[in-house]
Each structure stands twice: as C-alpha cells, then as structure tokens.
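Q: Sharing a sequence plus its predicted fold:
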Amino acid sequence: MILLSCLGLQAGKKKAVIIIVDGIPKDVIERLHVPVIYDIARSGAFGASHVGGETGMYNETPTISAVGYNTMLTGVWANKHNVFGNSGLSPNYNYWSLFRIAKEQPEPLTTAIFSGWSDNRTVLIGEGKPETGNLKIDYVFDGYDHDEKNFPHKERDMHIFDYDERVSRDAEKCIKENGPDLSWVYLWYTDDASHMFGDGSYFDEYILKAGEQIARVWNAVQYRQRNFGEDWMIVVTTDHGRTVNGHGHGGQSARERATWIATNQKVNKYFKEGKASMVDINPSVCEFLGLNVPDQVAWERDGIPFIGKTQISDLQVSTYDREVILNWKATDKNARVSVYASPKDDYKTTGKEAWKHLADIKAGEEEFRYDLDMIGQSGLYKFVVVSEHESLGRWLVM
C-alpha cells in the first residue's frame, strides 16, 4: 500500500536529464550511427544544432568546452554569460542557470550533477555563491579531477575516461534510486581522444564507448518511466564540433560550429528546420518541466523552445537612417506580440532592465518600425518581441 501511494504521488511527474558528451561534430555521430543516440531519438528526434553565436556579430562565441557548457546552462551567448574559455572563468551570474531557475520555483526541484570536472558545479553553476542565491545542488557526484589517489594519471589521459565511467555509473544509480527532477551528466574523454589523435579509429572507438556510458543513463530513465510512471525528457548534445582534421576547435569554421541534439521528446517545426542551437536547451527544458521563469530572466535568453508550440522565431534587427526595423517569422499569424526596447544594458550589472513598451501588434505583421530617437541616443539598443509562448531578444550595436 505504501509503495502504491508513492507511485501515485510520482505518476506523470516531469523530470529532465541533460547529457553533454564533449567535442563530437554532427558528421561523426551520423557516420557511426551511435546506437543509443538513435534509440533515444526514436520517439523524439535527432537533428542539427549549432554553437558559436553568429559569426562576426556581437554574440560571436568561441567554440570551446566551458563556453558551450555555460551557454547550455544559461540559454545565452558568451557576450552575456561572460565565459570565453576553459580557465580564468568569471561567469556573470545575473544570467540564471537552469539549476537556479529550478531552485527558484515555488516548490524547488531536486537537482543533480555528475561531472568529472568540478568547475561545472563550483564555477559555472556557482553552487553556494551569494550571486546565485546560495544555490544548492541536492545530489553531487564530481571532484574526480582532484582525486589522484583513486584516479591516478595515466597515458593517453585514460584517467579521464575513468572519470566518465564513474560519472555514468553514478548517474545510473542515482537516477534509478532517487529520480532527481533535473540532472546534468558530463562526459569528457571524447574531447581528449580527438585532441590527441584527430579523426580516426581511436576517436571512433571512444565515441562508441561514450555511447555505452550514455546508455546507462538512458536505461535508468527508462527504469523510472516503467516503475514510477514519470514523464522524462532526455537531451543529449555536444559542446562544440572540431576542425577539419579533428584535432582542434575554438574557431568559427562550419565543422567547429556543427553540433547536434538528440531527445526522446517530440520536436517542433523550428527544430525540424535545423535552426536549433545550444541556447535553445535551457528554454526547452523549462518548457517541458513547466518552470516559471521571471520575465527579466526569460527576456534575456537568446533561445526558444524546440518542443511545444511556437508562434514567432528568427528575429532580425536593421536600421534605415534613425528608424529601427524589426522582422520575424510568425508560425501563428493571429497571435499577439508585444515589443519592448531598452537603450542600455543595465541587466549585465544589476540583473534588471527598465524595458520600455513600444507596441502590441499581430504576430502576422512580421515587422515593426520605430524611431530610435523616441528611445534615446545610445550605442547599444536591446529589443525583445514577446508572444504567449516565447520571447525573442536581439541587440542593435550602433
């Protein structure tokens, strides 16, 4: 009777797990047809994604690991979250991570992180820092990069592969036993394999082994679905692609920007058209879990959900003399949208923006024009177009 009561309380509860497997471009996943990736996608989708922001624009973002992780966490590009490399990290915590959003709910979600690299929790998520509201992660399995006793350094950096083996088993066990509401699993070694040997049999071998590690987590998710009736979203992705020979990354070449997303959830037209990017994971997980995101936080995000209904997408901003022209694409032409602007970026330093309401119009107009002098003289203007289901933000750098 007690067991049935517990199952009843959990039945249908939504939970999510994100897995980042480091540094694997989309073409390699497709060539190897990694079994678990396509198994996860069977009820959902596998498709193109990208990292790197927009080449040559204000939001261009290095295709580097920690940069990608923080982009996923915050849903914004590096010009906002302020992580541009793997060291000397100084994230701007005004851009809330998924974990902070989860903990700021009326009923805080239970959270978990599984990572060989401790900085994912201590620096990027910012656990315990006043700037993150003293955020606390409920289930922590990391620190292996500081544990040389149990993980002595080995040739070919195989101790990092050992981290991933431990991480995936930790995640499998914790998810099966505890079912955290929001989890992040980080698998590291594939990036090292490619740095050392580039494209080739060694990289392929360890991508397939990473697939076995992902399968442990996927098996745990399926166990929870079968035995607890929970509704799970799993997202598997990578943080960046690679250079032509596979050894490097960090730049803006097509292959370095070419990433992918696999999910067990049905995706929308936006995803199917190949428009998804790393910044879309945060709002997609929030959408699935039904999280309440404050407008000030949501309107700064650079992505939109790739699941569920969309009404607008593809916001562009241009000028003619002193007139600003906003264009977007409407999938629901009868929807109403509101347009806001700010002639400064106070959010960067204060976490708040004094948005000025400009208009309420039909999404189907797909264009809005406004005299910049009515907003004020500035070298930077911020715009956001808000519908019932998403918000599209865009900067205009004069």
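A: Here it is on my side, so go on.
Q: residue ranges for the strands of the chain, please.
A: Taking DSSP state E as the test, the strands found in the chain are 14-21, 45-50, 111-115, 139-141, 182-187, 231-237, 258-263, 312-320, 323-330, 336-342, 356-362, 367-371, 380-386, 391-397.
Q: Save these as a markdown table, and put in distance to residue 286, mean pLDDT and mean neighbour count too.
A: For the C-beta atoms, the positions are set from N, CA and C on the backbone; glycine is no exception. Formatted as a markdown table, the entries for those read as follows, by distance: least, C-beta to C-beta, whole Å; pLDDT from 0 to 100; neighbours: other C-beta atoms under 10 Å:
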| stretch | distance to residue 286 | mean pLDDT | mean neighbour count |
| --- | --- | --- | --- |
| strand 14-21 | 9 | 98 | 24 |
| strand 45-50 | 17 | 98 | 20 |
| strand 111-115 | 14 | 98 | 26 |
| strand 139-141 | 20 | 98 | 19 |
| strand 182-187 | 10 | 98 | 28 |
| strand 231-237 | 11 | 98 | 22 |
| strand 258-263 | 14 | 98 | 24 |
| strand 312-320 | 17 | 96 | 15 |
| strand 323-330 | 21 | 97 | 18 |
| strand 336-342 | 20 | 98 | 19 |
| strand 356-362 | 24 | 97 | 13 |
| strand 367-371 | 26 | 97 | 13 |
| strand 380-386 | 15 | 97 | 21 |
| strand 391-397 | 12 | 96 | 19 |
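Q: Adding distance to residue 204, write those strands out as JSON lines.
A: Conversion of the strands of the chain to JSON lines gives the following (distance: least, C-beta to C-beta, whole Å):
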{"stretch": "strand 14-21", "distance to residue 204": "14"}
{"stretch": "strand 45-50", "distance to residue 204": "18"}
{"stretch": "strand 111-115", "distance to residue 204": "24"}
{"stretch": "strand 139-141", "distance to residue 204": "28"}
{"stretch": "strand 182-187", "distance to residue 204": "16"}
{"stretch": "strand 231-237", "distance to residue 204": "18"}
{"stretch": "strand 258-263", "distance to residue 204": "16"}
{"stretch": "strand 312-320", "distance to residue 204": "35"}
{"stretch": "strand 323-330", "distance to residue 204": "39"}
{"stretch": "strand 336-342", "distance to residue 204": "47"}
{"stretch": "strand 356-362", "distance to residue 204": "51"}
{"stretch": "strand 367-371", "distance to residue 204": "48"}
{"stretch": "strand 380-386", "distance to residue 204": "43"}
{"stretch": "strand 391-397", "distance to residue 204": "39"}
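Q: Which helix in this protein has the most residues?
A: Using DSSP state H, we find that the single longest helix of the chain is helix 201-228.
Q: who does it touch, helix- and strand-wise?
A: Helix 201-228 sits against helix 2-10, strand 14-21, helix 26-32, helix 35-41, helix 158-178, strand 182-187, helix 189-197, strand 231-237, with contacts defined as 3 or more C-beta pairs under 8 Å, 6 or more residues apart in numbering; DSSP states H and E.
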